[in-house]
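Student: coords below, sequence missing:
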């Protein structure tokens with residue numbers, strides 16, 4: 001059962017955990033030490049309006065279980081209002097949690113918002129595989145339940161949570177993958193594999209279905225970056241659903257996607273070994289000019305292993321429109337070699353390892369200025385002494401990609417000097433009016449989360465910074481900002 005409703009929450013603001021009408025920010029530190037337990041992990045909710053920060057871990061009162069070595073609490077996050085009280089609630093993935101004696105089976109907790117004590121006023125709700133919920137049969141070693149999370153509220157008003165379980169084994173073989181779908185006020189739950197009714201592809205070993213997930217209120221998508229397309233291994237695939245349970249007892253599958261199904265004649269669109277299409281996915285609401293509300297979704301799919309001619313693992317991104325009628329339009333095939341784009345494709349950039357699409361005004365008819373796309377390229381380097389310093393590139397989600405694109409690099413836009421293995425772009429997220437860029441790796445002095453305007457110019461400065469040791473956030477971060485919502 002969800003927690004009882006918090007009193008006097010002001011509804012209508014996304015990611016507002018204390019219900020005061022001001023957006024808050026959840027910043028995960030999955031490698032943080034908690035009560036002496038290395039890499040137990042924690043999440044800091046930084047309250048908007050300068051109201052301080054709340055630390056949440058499995059040692060927080062009313063949060064179930066307890067901190068243990070290697071749990072990595074906060075590895076994934078999703079925000080939604082599960083009990084519909086106006087305060088946002090936070091789903092936290094703990095994919096390396098041991099369930100009993102089963103190593104790294106994984107666990108998910110929903111932490112409830114509150115006007116008086118965010119995260120600790122109400123007892124958390126927990127989800128795992130086993131008898132309590134029909135989310136697979138039993139916990140198994142290395143299932144990684146909660147590796148990816150996405151959430152929303154369906155058009156009929158039901159809150160839902162999608163849980164990625166990419167390590168799930170089954171009759172198809174090891175790591176075929178699975179997702180859990182938890183919905184409604186009573187936390188009803190079903191599990192979905194690629195052998196469920198109506199799916200595009202069949203389950204196979206190492207598909208890792210559920211390694212990435214994304215959702216709007218109209219649709220959700222599940223990535224399977226290990227999917228084989230014909231005889232092409234690890235080409236990758238994506239399945240698109242409507243968030244409503246059908247007569248077969250599963251969320252309604254609309255269609256599947258792989259590079260063998262894309263539109264156009266570009267030879268780079270063919271499925272190739274190790275493309276890993278679907279490593280990252282993002283969805284954002286879209287209002288066409290013919291509609292009075294955001295009826296559609298824009299889907300972005302990262303293909304970080306894409307080779308561009310002889311340039312290995314340069315990476316690419318596909319962009320699609322999913323219509324209210326359940327049809328698909330491909331709108332862009334995006335690489336760093338696109339016309340007028342501020343950068344060029346290079347070996348091992350892994351452009352598309354992360355993607356984040358945002359709509360700054362979803363109620364209005366969509367435009368190139370209100371709909372933006374950020375792409376992480378963690379292998380990018382502009383300095384021979386800063387290998388894998390990384391980059392974040394921002395594009396219009398509609399129209400020509402080079403029309404208003406921008407490039408953010410460590411030392412040029414990202415206020416941290418370039419250093420080896422910073423992997424900028426490994427943590428990006430749409431934060432309403434802002435693009436969040438997390439810098440969890442590299443020198444301690446550079447670890448921070450930055451908020452940029454979506455229309456930032458190349459090398460432009462962030463509008464807000466959260467950093468260990470500042471603003472009530474303790475120093476000594478463990479992968480601070482590895483996930484941000």
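Tutor: Sure thing, it's come through. None of the values given here were measured: they were computed from a predicted structure. Residues are numbered from 1 along each chain as shown.

Student: show me which residues of stretch 167-180 are buried.
Tutor: Of the residues in stretch 167-180, those with enough neighbours to count as buried (16 or more other CB atoms under 10 Å) are 167, 168, 169, 170, 172, 175, 176, 177, 178, 179, 180. Where C-beta positions appear, they are placed from N, C-alpha and C, glycine not excepted.

Student: centre of the chain to that stretch, how far?
Tutor: Stretch 167-180 sits 20 Å away from the centroid of its parent chain (CA atoms, centre = their mean, to the nearest Å).

Student: any idea how many residues pack against residue 291?
Tutor: Residue neighbour count, defined by other CB atoms under 10 Å, stands at 14 for residue 291.

Student: and residue 156, what does it touch?
Tutor: Neighbouring residues of residue 156 by CB atoms under 8 Å, 6 or more residues apart in numbering: residue 244.

Student: next one: residue 381
Tutor: When contacts are counted by CB under 8 Å, 6+ apart, residue 381 touches 387, 388, 389, 390.

Student: between the residues you listed, which is closest to residue 220?
Tutor: For these, the closest approach to residue 220 (CB to CB) belongs to residue 390, at 28.1 Å.

Student: tell me the bridge partners for that closest one.
Tutor: residue 424 (DSSP bridges).

Student: right, and it touches residue 426 too?
Tutor: Yes - under the criterion of CB atoms under 8 Å, residue 390 lies in contact with residue 426, with a separation of 6.7 Å.

Student: what about the two, which has more around it?
Tutor: Under the neighbour definition other CB under 10 Å, residue 390 and residue 426 were set side by side, and residue 390 has more, 31 against 23.

Student: which ones among the buried residues of stretch 167-180 are found in strands?
Tutor: Per DSSP state E, strands hold the following members of the buried residues of stretch 167-180: 178, 179, 180.

Student: where does residue 151 fall, helix, sheet strand or coil?
Tutor: Judged by DSSP: H, G, I helix; E, B strand; the rest coil, the three-state class of residue 151 is strand.

Student: how many residues are close by it?
Tutor: The criterion is other CB under 10 Å. On that basis, residue 151 has 26 neighbouring residues.

Student: look up how far residue 182 lies from it.
Tutor: Look at residue 151 and residue 182: by CB to CB, to the nearest Å, they are 9 Å apart.

Student: could you list the domains of this protein?
Tutor: Described in terms of automatic domain parsing, the domain architecture of the chain consists of the residue ranges 20-80+88-126, 129-272, 291-479.

Student: relative to residue 485, which of these is closest?
Tutor: domain 20-80+88-126 (4.6 Å).

Student: before we move on, back to that, list residues touching both of residue 151 and residue 182?
Tutor: Between them, residue 151 and residue 182 share the neighbouring residues 160, 161, with contact defined by CB under 8 Å, 6+ apart.

Student: now the residue lying closest to residue 173 once chain neighbours are set aside, what's its secondary structure?
Tutor: Closest residue to residue 173 apart from its sequence neighbours, by CB to CB, 6 or more residues apart in numbering: residue 205 at 2.7 Å. Local secondary structure at residue 205 is given as coil here, using three-state DSSP.

Student: burial measure for residue 205, as a count.
Tutor: Neighbour tally, residue 205, other CB under 10 Å: 15.

Student: pretty sure it sits against residue 171.
Tutor: No - assessed by CB under 8 Å, residue 205 is found out of contact with residue 171, at 10.2 Å.

Student: please name the residues that touch the residue nearest to residue 179 when sequence neighbours are not counted.
Tutor: Counting by CB to CB, 6+ apart, residue 179 lies nearest to residue 210, which is 4.6 Å off, once chain neighbours are set aside. For residue 210, the contact set (CB under 8 Å, 6+ apart) comprises 147-148, 163-166, 168, 177-179, 222-224.

Student: where does residue 210 land on pLDDT?
Tutor: Model confidence at residue 210, given as pLDDT, is 98.

Student: for residue 452, see how far away it is.
Tutor: When distances are taken as CB to CB, residue 210 and residue 452 turn out to be 30 Å apart.

Student: ok, now residue 10?
Tutor: Between residue 10 and residue 452 the computed distance is 27 Å (CB to CB).

Student: higher neighbour count, those two?
Tutor: More neighbours sit around residue 452 than around the other of residue 10 and residue 452, counting by other CB under 10 Å; the figures are 24 against 14.

Student: bridging residues for that one?
Tutor: residue 435.

Student: same thing with residue 107?
Tutor: Applying DSSP bridges to residue 107 yields these beta-bridge partners: residue 94.

Student: number of residues surrounding it?
Tutor: 24.

Student: next one: residue 101
Tutor: Around residue 101 there are 8 other residues, counting by other CB under 10 Å.

Student: phi first, then psi, for residue 444.
Tutor: Backbone torsions of residue 444, given as degrees, to the nearest 10, read phi -60, psi -40.

Student: next one: the one 5 residues further on
Tutor: Residue 449 adopts backbone torsions of phi -120, psi 130, taken as degrees, to the nearest 10.

Student: and it, how close does it get to residue 251?
Tutor: The separation that residue 449 has from residue 251, given CB to CB, amounts to 32 Å.

Student: then residue 481?
Tutor: Taking CB to CB as the criterion, residue 481 is separated from residue 251 by 31 Å.

Student: go on, residue 230?
Tutor: Residue 230 sits 26 Å away from residue 251, taking CB to CB as the criterion.

Student: between those two, who's got more neighbours?
Tutor: Per other CB under 10 Å, whichever of residue 230 and residue 251 has more neighbours is residue 251, with 26 against 9.
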